[in-house]
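K.L.:
using only what follows, build the 3D model:
(chains A, B, C and D, ligands or ions: 6)
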Amino acid sequence: MTDTNGHSAGSTAPIAQPPISPENAAVIALTRKDFVSDQEVRWCPGCGDYSILAQTQKVMPDFGYPRENIVFISGIGCSGRLPYYMNTYGFHSIHGRAPTLATGLKAARPDLMVWVITGDGDALSIGGNHVLHSMRRNVDINLVMFNNRIYGLTKGQASPTSEFGKRTKSTPAGSVDTPIMPLTVALAAEASFVARSVDTHTEHLQYTLERSGRHKGSAFVEVLQNCNIFNDGAWRDFTDREVREDRMLVLEHDKPMIFGKDRDKGIRLNGLHPEVVTIGQNGVTEADLLVHDEQAEEPYLALMLSRMFWPEYPVPVGVLRAVARPTHDQLIEDQLTAAVAKSGAGDLEKLLFGGETWTVE
Amino acid sequence: MTDTNGHSAGSTAPIAQPPISPENAAVIALTRKDFVSDQEVRWCPGCGDYSILAQTQKVMPDFGYPRENIVFISGIGCSGRLPYYMNTYGFHSIHGRAPTLATGLKAARPDLMVWVITGDGDALSIGGNHVLHSMRRNVDINLVMFNNRIYGLTKGQASPTSEFGKRTKSTPAGSVDTPIMPLTVALAAEASFVARSVDTHTEHLQYTLERSGRHKGSAFVEVLQNCNIFNDGAWRDFTDREVREDRMLVLEHDKPMIFGKDRDKGIRLNGLHPEVVTIGQNGVTEADLLVHDEQAEEPYLALMLSRMFWPEYPVPVGVLRAVARPTHDQLIEDQLTAAVAKSGAGDLEKLLFGGETWTVE
Amino acid sequence: MTTIKEPDLSPDIQELERVTIRFAGDSGDGMQLTGTQFTRTAAVFGNDISTLPDFPAEIRAPAGSLPGVSGFQISFSSSEIHTPGDQPDVLVAMNPAALKTNIGDLPAGGALIVNSDAFTQGNLNKAAYASNPLTDGSLKSFTVFEVPISTLNERSLDGLEMTSKQKDLTKNFFALGLMFWLYERSMDPTTNWIDAKFGARPVTAEANKRALKAGYAFGETTEAFHTHYRVKPAKLDPGTYRNITGNEAAALGFVAASRLSQRQLFYGSYPITPASDILHQLSGYKSFGVKTFQAEDEIAAIGASIGAAYGGALALTASSGPGIALKSEAMGLAVMVELPLVIVNVQRAGPSTGMPTKNEQADLLQVMFGRNSDSPLPVVAPAMPGECFDLAIEASRLALKYMTPVVYLSDAFLATGSEPWRIPALSDLPDIGVPNATDPATYRPYQRDPHTLARPWAVPGTPGLEHRIGGLEKADVTGNVSYDPDNHHHMQMLRAAKVAGIADDIPPLEVYGPETGELLILGWGSTYGAIRSAVERLTGDGRSVAHAHLRHLNPFPANTESVLRSYRRVLIPEINLGQLLLLVRAAYLIDAVGYNRARGKPFRIAEIVEEAERLLGE
Amino acid sequence: MTTIKEPDLSPDIQELERVTIRFAGDSGDGMQLTGTQFTRTAAVFGNDISTLPDFPAEIRAPAGSLPGVSGFQISFSSSEIHTPGDQPDVLVAMNPAALKTNIGDLPAGGALIVNSDAFTQGNLNKAAYASNPLTDGSLKSFTVFEVPISTLNERSLDGLEMTSKQKDLTKNFFALGLMFWLYERSMDPTTNWIDAKFGARPVTAEANKRALKAGYAFGETTEAFHTHYRVKPAKLDPGTYRNITGNEAAALGFVAASRLSQRQLFYGSYPITPASDILHQLSGYKSFGVKTFQAEDEIAAIGASIGAAYGGALALTASSGPGIALKSEAMGLAVMVELPLVIVNVQRAGPSTGMPTKNEQADLLQVMFGRNSDSPLPVVAPAMPGECFDLAIEASRLALKYMTPVVYLSDAFLATGSEPWRIPALSDLPDIGVPNATDPATYRPYQRDPHTLARPWAVPGTPGLEHRIGGLEKADVTGNVSYDPDNHHHMQMLRAAKVAGIADDIPPLEVYGPETGELLILGWGSTYGAIRSAVERLTGDGRSVAHAHLRHLNPFPANTESVLRSYRRVLIPEINLGQLLLLVRAAYLIDAVGYNRARGKPFRIAEIVEEAERLLGE
Ligand SMILES: Cc1ncc(C[n+]2csc(CCOP(=O)(O)OP(=O)(O)O)c2C)c(N)n1
Ligand SMILES: Cc1ncc(C[n+]2csc(CCOP(=O)(O)OP(=O)(O)O)c2C)c(N)n1
Ligand code: SF4
Ligand code: SF4
Ligand SMILES: [Mg+2]
Ligand SMILES: [Mg+2]
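P.N.:
Ligands and ions are numbered 1, 2, ... in the order given. You can find the predicted model right below:
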C-alpha cells in the first residue's frame, strides 16, 4: 500500500516461525493421540468434519507449542463443536463472534497459539464483519472455515456460500442471493495468509493447516467440507478422486500453474484474464504459464485465483497469499514498551496525584 | 460466475433505467430547491457534507421519480443527518443498520427509489457486514458513503479508513489497524456498481450520483469528504485544485487511462501490475495504455483500480464497475408471480383447511 | 393414567379413557415419523390428542449412543386433554440407549415394548449398561414385551431389492403397525401417506407397507399380547379439525393477519432453533404474496422488517432468546419511530446458548425490559399450539392499531408440540385493517389518535406527506428532532400511556373454577395444559382452586388485580425463576408465590397438584 | 442561593456562602473551556465545587443558532455542596441564542451579564427574537449588565498579528477575567495554563492573556459593578484534592484495580457518547500496561474482553444504552462461562438514540434483565463523580472474587460533571487479587468455592488444566455440556445463589438522618446530590426525613428491607419512569412511591423537597 493510505505494506520477507517454547522437543514428540480429548465426537456419521478434526490433531505437535499454550475458539454450528474434541484449551463461544474472542485473547496473551474454527454461516453470515476486521488488523490467528455451503446445525437453510437458485428449507423456490466468494472477501480484508483445501484431501489439508499454523498474522483457511446430511456432494464435481487432478489446480509458490492427470494443462494470462491452455497445443509451452507467487506485495494474482472456479476453471487449492505484516498483538505490545521506555513503568501514585492538586490541612 | 458456484453472472447488458413514473415530466421540471426540506442544516461550517447535500439535491429531479417515491435512509454519524435536509421521505435509523432497513423497504416496495447515506464508520465498522450482504444480494439501493477517515459525530476517533499510525483521540500512540480499502471490499462483495468521487469536485460528484441513481442494483459510491474539525485536509494531497489533474485519474468507460495537467500521463499494464507511464517517453503511445472497461464481467480490472492510491498512483475516481444483474426485489417478485402462475393466488380458506382434516358433528 | 371401564366387554378388549405412548429410539430410527403417523391416525379417528417430541441437540449423534436418543410422546383420549401426559403408559424402546434414557419415566406396571434384537453387547456398551437389563431383572416392575423387531421385520421384507441396512430402516413401521393393532387403529391413513410420499420409489413404499402390516399381524397372531385396547373418539366441539403444531399455527395466523389487514406480509428472519420452522412455513406461502427474507443475522432481520413496516407492510420478525438479545437495539428504534412490527420469540432454555432444543419460558423480562431507557411495548403469549393462530392475529391487530412493536412469546413446547385444532371460519376472524394517512392538510407525523394514542401511518409514495423519522427523540405532534427537556418527559409518558391503554382493548382475565376461594393458580404460555389439568384434578377432589391464564402480559387485562384479590393465595408456576411473579408482585403488591422449575421440559400435572396441596395445607 | 453575611464588611465586598454561575454561548465561543478554567481556579482556591456541562448534540450547529448553544454551570461554595445548583445566581450570555435558551433558569433578581455586541439583528433573528430583549424591557426582573465584550476585547488586542476573527475567538477569556474580578480570584492558574497550552504559539498566548487581564481590569475600573464578592474556602476533610469528572475517576479506578489485582487491564470498547472519554483516558495509560482495543462494534468489544478475561486479564468493556443492548447476547455468554468481566454503562437519555448528550438513569432494568433466560449478574452504581473511582475497584473486586460479569452503571451527569476529589492513599485501597487454578489433581472447571460459589479460574498456558467452556449448559462440577433436566435447574439456582450471596459481602445500606421516621428517600446513581441537599433542607426545617442511597443494585445490601420498613413512607426519585421502584416493590412488597421525571437533566433540589413535603402532608 501507500503512505497516504497508511497501509503497513505487505512485504516478501520470509514467513516467521512461531515462538518455540522450552518444551519444544517434548512437544514435537507428541502424536495425534495426545491432542484427542476425552469427549465423545458427535457429528453425523460420514460428516467431513471428522477428517478436518483428524488432520488438525495430526499437525498440532509440529508447531512446537505445548498443549496448554494452544487455544481453539469456535462459534456456533456443527463446525463449532471441534474444540470439545481437542485436548487443548477450548472455547465454544456464540454465533459468529469467535474472531472477537480470539482478538482479545491474543492481544492479552501473545504467547498463545490461537485457532478459530468456524462455518460458512458462522464466518460469512452473522460473523462476516468480525472476520473482515480481524483480518485487516492482522490478528495472529488461524481461522479455519468449514464450508459446506449450508447451515448444518439448524438443519439445512441456505448459507452465504449456497449457490444462486439453491433450494433449501428456507428457500423452497431457490435462493435469490448471489453467493459470497470467501477467499475474495478474505483478500479484500487484507488477510496476510489465504488458503483453501478439501476435507477429503488429507495430505493437502495437513499441509495447508501446517502452513497456516506457521504463518504469523491472520490466516484464513477455507476447507471445502461435505455435509452428507443436508448438502451431500456439494463439491463432488471437482473433488472426487477420479476427477480432481483435472478439475483442481494445486498452487505451489514459484511454480507454473500446471494441472491435469497428465500434467498437460495450465493457466495462462490473457490481458487481465486467466485462461486454461494445453501445453503442447498451438504452441503453448510451460514458459507461457502463470507462475504462482504467494508473496506478491499486491494481491492482484491472489484475487484472480480466488475467483476461478469449476467448471470455467480448475478450482485452485493451496496457499493463495502469504505475506508478512506486523501482527496486532505485536503492534500493541510495541506501543506499551515504547510508552514505558519513554516515561518509565506507570506509577499509580503519580497518576492519582497527577494533574492539578491542592491540599487541605 | 459459474453454475457450480451459482453466481447469476454479471453481464455487459446496458444499464437499465429506473421506472419512470407518470409524473415524470412534472418531476423533471423540479429543481434543487424542491428537494430542500424545511429543516435547518446542522453541520460544522466548512464541512464537506454541505457540498454532497447540494449535489444530491441537484441531481434528484433527473431520475424521474416524484419526491414522494424517493426515500433516504441513513445510519448514525454526521453523514446520517442528511435525510433531514431532503424534502423526500427519510429515515434516520441506527448505527450501521441503514442497509438492512433499505433491503426490507425495497423488497416490500420495489416502486420506491432508495438511497442509503452512511459514513466510513457507519458503513465499514459497525455496518460492514450489512454492506457486504446488501451488495451481494444486489439490493437496488444507492449507498453513498461519506469517507472522512474519522468518527466525526463522536468527536474524532479512528475509523476503519484512518491511516495506519494515525493519532486520534482513541489512538494517541497511533492506530495499529491497517485501513480497509472501501472499493476493494465493495467489489469483493459483488457490488454491481462501484464508484468514487470527491465532495469538492461538484460536477464530477453530480455525474457520479447521477450514474448511481440510474443504475439498477446495488450501487456503492465512496465520496471523499473533508471533516474540517476532526480530520482537516485528509484528502488534500491529491484533491486540491492545483494538483488534482496530476494526482487523480478520472475513469471513463472505453477510454484509455490518461491523466495529468498536460494529459501526458497514463496507466499501462505490466504483467498483473499497473504502472504509471508518460506518453511520448521511451516509446510509450496511447495505444499502450489500459483502456477502462466498467462493464467487464469479472472485476479484475476494477479490483486493481480499487487498490491504486496516491502517491504510488493517481487516485482513480469515477465508475469502476457497472454491470447488470437481476435485483433482489425483482427476484423476490418473480418468485411470487411464478407461485401464483403455478398454483393460483393464495386461497386462505384452502390453506387453513388444507392438510389432513376431520370433522366432528 | 389408564383406567378400566365396562368390565362386561369381551375379555380381550379393554376400553380406556386415555393412553400415553412414548416411542424412543436412535435419531436414525425415525421415531419422530412414527410418532407423527400415530398422531395423525388418532387425530383423524377423533381422539383428543397432545404430543411432545423430544429431539437430541446433536444433528446425528453416533448411532446407539445416549445423546443420540430421540423420543416422541403422544397422549390420546376419549375426553378432553391438555397435556401429552406426565408419564407414558407404554414405552416403545428401539435400543438400549432409548431404554436407559426413558425407563425412568415409566411408572411401575407400565408396559414396555423393546426391540430385543438391538440389545447386543455393542449397543449395551454404548448405552453404558453393565449388564443386560432384559436379563438382569432390573425391569421386573414393568410388563415387558420383548419383540425381535429387526429380525421379524427383515423377514417380512424377504425378496425385496434392498440391502439389509435399507431394510432395517423400515423397522419403525413394524413398531407402528404393532401399536396400531394394540389400539385398534386403521392402517389406512399411514398406507395412504406412504403411497403419497414414496410413490416414486415403489420398492421403498412396498417395504414400509409390508413392515407396517407385519407389525400389525404380529400383534394379532402372537400370544404375547392377550388384550388390545380401545380408546373411543372424544366429544370435541363440532367443527372441522386438523392436527397442528404451534409454529404451523403461528405461520397460518400471520398469513391470515395479512389478509385481514389487507397488507402484504413481510417476514425478516435468521434461522434459529426452535423458531426456524416459521421461516420454512412462510417461505412456502409465496402465492399469498408473503415475502420472506433470510437475513445475514438477527439485526438485519429486524432492520429489514422495520424497513418493510415503514413501507406499509405487515412486518414480522422471529427468533429465539439469543437472537432477540441481538434485536433489542432495533426494537428500541421501533418503539421510538412507532411503527407496527410483530417480534416473535420462540423461547428455549438458556442463558446464552443454553439447551437450544429444550423448553423454557424465561424471556419475559427480557422482552419487557431488554432495551435502553423506558421502552414499553405490548407482549402477548399463546397458551396452546392452536392458540398460536389466534394470537398471531391479535399481535398483528395491536401492532397495527396502536402503531407499536408487539412481542409474541411462544416456546419450544408450543412450537413443536401438536394438538387437534378446530379450524375457524374466515367469517369469524376480525377485521384488523387500518388506513394509511393521506391528507397533507391534516397530517402531522406525531399527532396522535385521541383514543389509541397511535400516530398516523404515512407510507412513502403518498404525495405531500414527505417526512423524516428516526431514533432521536421526537417533538410531540411535529415529530421533529427535539432535545427539549419537558418534551422528552412528555413523550416518555405518552409512549407508556399508549401501551398501558391497551388494557381496555383486550378481553378480561378469565377464571376457570370458583370466582373466589382459597387458591388461584396464575399461569402464562405453554404451562396452560399442566395447570388446567392440575386444577381439574384439584377441583375434582373438592379443592377450592381456580385457574387463570394470561394471554396478554403487557399490559395485564384490566381486571387482573381484582381477580388475584379474590383468592387467599396466588400460586404462579413458571418454567423460569419467577418472572411473571416479579411483575405481579411489583404491580399489585400481592404476596403471590412462585413454583419455579427450569428443567428444559414442561411441568408434570402431578407436581403442580402437589405444590397446590402444599399451599392449601399451609 | 446567595445569602449575605457579616454586614460590617466594607460596602464593596460582599461575602457569600455559595455562588452558582452559568456560562452560556455559541459552541464556537469556548464556554466549556471558560467553565473549566473557572472551576480549576475555584477548586485550587479551596472551595467545594460541583459542575454541570451542557453540550449541544450537534458537533457545531450554525453559529448563533439555538441548537448551537453550549453551557457550563459551576457552583462553588465555602461549605459542602452536592449539586451544581438548581439555578444560577449569575448568567453570562455571550449571544442572543444563549440568552434565549438559558434566561428561563435565572431567578428574579439574578445577575445577567450579556455581550451586548452580539445582539445584532442577524443574531436576534437566529435566536428567533422578535424584538431586542435588551431594549424591550423583558429583562427588567433581572440585574442586567450589558458589556460590549467583543469591542472591548478586540481593543485590548490592538497591534497583535491576528485577524479580527481570530481576536474574537479570545473573548471568552475577557468574560472569564471579568468573573475572576467579580469573585476575587487569582488569574495565575489560568495564565499558567495558557502559557503551557499555547507556549508554542506566543501570539495566541499573548492574546488570551491580554483578553483575560482586560476583562479583569474592566471589572476593576468600570462603574458598572459596584461590589464584588467573596466565597471563602470550604472546610473539606484534610487531604490532597484534585478536580475530577466521573469518566476520569472511573478510568483511574480501573487502572488502580488492575494494580490491586496484579492483572493487566484489557479494555475493549466502541466509541459512544457519553462513554468515549473512558476509552480516550485509558488509551493514554500504556505505561501501565493497559491494553485498549477500539473494536468494530460493541459486540466485538465485549467479545474481545471476554477473550482477554479467558486469558487471565482484568477485562472491561464500556458503552451506553444502545451499545449495551448490542452486548446483551455476549453478556449472557459471560454469565454462562462465569468469567470475570466489568461492563460499564454510561447511561444517556433514550429510548433508541434518544438524546445522546442528555442524562437519564433508565437502563437499570435493561442490565438486570436484558438477556435471554434467567441470567443474573451483580450491578453497582456510583453516586458522585469521585465515587466512580471507588466503584470501579468494587466492580472489579466482585467480578474477580465471584467469577462473574458485573455491570457498572454511570450516567452522563456523573461522567461529565466534576467535583473536588480527595485522592486516596494507595495503602487505603483493598487487595482484590485472586489466584489462578494450577493443580491438575483437584481442578474441575465448574467445582465451586463453597463460600463464594465461584468456579476456579484456569487460564490457558497452565499445564494439565486444558478444558473447554462455552455457551451450552454445563454439568455441575465437570463443566461438560449437559442437557440433563435436573442439572439445568440446579445450575440456574446456583447461578442465582452466587449473585444473591454477594449481599453478605457488601456494606449495609447507610442512612443519613433519623434511623426511623416519616419518610425515607431512597435513591441510586447521580441523583445523590439533589436528594442529599433536599434532605438537608428538610431536616433543617425539622422534618422527619432520611436519605439512603444504593451503590449496589443487585443484590441489594442485606439490611435494605429493614431500613425501608423503618419509615412510614418511602419515596424513590429516579430519572426514569420507576425502575428501582419496580425492583423494590417486587422484592419487599413495600408500597414505595416514585418521583419520576425524564427530562434529560439532573433533578433540582427544590422539586424533591416539594415532592417530599407533599408526601409528608398526605
Ligand atoms: C445468535 C444466534 N443466531 C442463530 C443461531 C442458530 N444457528 C446456530 S448454527 C447456525 C448456522 C450454522 O451454519 P454454519 O456456520 O455453516 O455451520 P455448520 O453447521 O454448517 O457447520 C445458526 C443459524 C444461534 N445459535 N445464535
Ligand atoms: C450502537 C451505537 N454505537 C455507537 C454509537 C456512537 N456513534 C455515533 S456515530 C459513530 C461513528 C460515526 O462515524 P462515521 O460513520 O464515519 O460518520 P461521521 O460522523 O464521520 O460522518 C459512532 C461510533 C451509536 N450512536 N450507536
Ligand atoms: S449436519 Fe452436516 S455438517 Fe453437521 S454434523 Fe451432520 S453431516 Fe456434518
Ligand atoms: S464533525 Fe466533521 S464531519 Fe461532522 S459536521 Fe463537523 S466537519 Fe462535518
Ligand atoms: Mg455450513
Ligand atoms: Mg467518518
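K.L.:
where in the stretch 451-600 of chain C is pLDDT low?
P.N.:
Across the stretch 451-600 of chain C, nothing is flagged by pLDDT under 70.
K.L.:
residue of it closest to ligand 5, please.
P.N.:
The minimum distance from the stretch 451-600 of chain C to ligand 5, using Cβ to the ion, falls at C:Gly600 (26.1 Å). (Glycine included, C-beta is placed from N, CA and C.)
K.L.:
who's in contact with that residue?
P.N.:
C:349, C:355, C:358-360, D:483, D:485, D:488 (Cβ atoms under 8 Å, 6 or more residues apart in numbering or on different chains).
K.L.:
quick check: phi and psi at it.
P.N.:
Main-chain torsions, C:Gly600, degrees, to the nearest 10: phi 70, psi 10.
K.L.:
same thing with C:Asn487?
P.N.:
phi -60, psi -40.
K.L.:
check C:Pro573 too.
P.N.:
The phi/psi pair for C:Pro573 (degrees, to the nearest 10) is phi -80, psi 130.
K.L.:
do you know how far it is from ligand 4?
P.N.:
C:Pro573 is 55 Å from ligand 4, where distance means Cβ to the nearest ligand atom, to the nearest Å.
K.L.:
again with A:Leu301
P.N.:
38 Å.
K.L.:
quick check: which element contains that residue?
P.N.:
helix A:300-307 (DSSP states H and E).
K.L.:
tell me the SS of A:Asp262?
P.N.:
coil (DSSP: H, G, I helix; E, B strand; the rest coil).
K.L.:
contact partners for C:Ser75?
P.N.:
Contacts of C:Ser75 by Cβ under 8 Å, 6+ apart are C:18-21, C:49-51, C:81, C:83-85.
K.L.:
now secondary structure and neighbour count too, for those, in a markdown table please.
P.N.:
Listed next are those as a markdown table, based on DSSP: H, G, I helix; E, B strand; the rest coil; neighbours: other Cβ atoms under 10 Å in any protein chain shown:
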| residue | secondary structure | neighbour count |
| --- | --- | --- |
| C:Arg18 | strand | 19 |
| C:Val19 | strand | 25 |
| C:Thr20 | strand | 25 |
| C:Ile21 | strand | 25 |
| C:Ile49 | strand | 23 |
| C:Ser50 | strand | 24 |
| C:Thr51 | strand | 24 |
| C:Ile81 | coil | 23 |
| C:Thr83 | coil | 26 |
| C:Pro84 | coil | 27 |
| C:Gly85 | coil | 26 |
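K.L.:
what is the nearest of these to B:Leu132?
P.N.:
C:Thr51 (42.0 Å; Cβ to Cβ).
K.L.:
what pLDDT is listed against the closest one?
P.N.:
We have a pLDDT of 89 for C:Thr51.
K.L.:
what do you get for A:Ile15?
P.N.:
Per-residue confidence at A:Ile15 stands at 38 (pLDDT).
K.L.:
so how far is ligand 5 from the closest residue to A:Asp199 other than its chain neighbours?
P.N.:
Spatial nearest neighbour of A:Asp199, excluding adjacent residues (Cβ to Cβ, 6 or more residues apart in numbering or on different chains): A:Gly48 at 3.6 Å. As judged by Cβ to the ion, to the nearest Å, A:Gly48 and ligand 5 stand 10 Å apart.
K.L.:
what is the least confident helix or strand in chain A?
P.N.:
Lowest mean confidence among the helices and strands of chain A (mean pLDDT, DSSP states H and E): helix A:24-28, at a mean of 65.
K.L.:
next secondary structure after it?
P.N.:
Next in sequence after helix A:24-28, counting helices and strands by DSSP H and E, comes helix A:49-59.
K.L.:
what is that following helix packed up against?
P.N.:
Taking 3 or more Cβ pairs under 8 Å, 6 or more residues apart in numbering or on different chains; DSSP states H and E as contact, the helices and strands that helix A:49-59 lies on are helix A:82-85, strand A:141-147, helix A:202-214.
K.L.:
could you identify the helix or strand that succeeds the helix holding A:Leu301?
P.N.:
Criterion used, DSSP H and E; the element after helix A:300-307 is strand A:315-322.
K.L.:
what sits up against that next one?
P.N.:
A:15, A:183, A:187, A:191-198, A:201, A:204, A:208, A:211, A:215, A:238, A:247-253, A:294-296, A:299, A:302, A:305-306, A:308-309.
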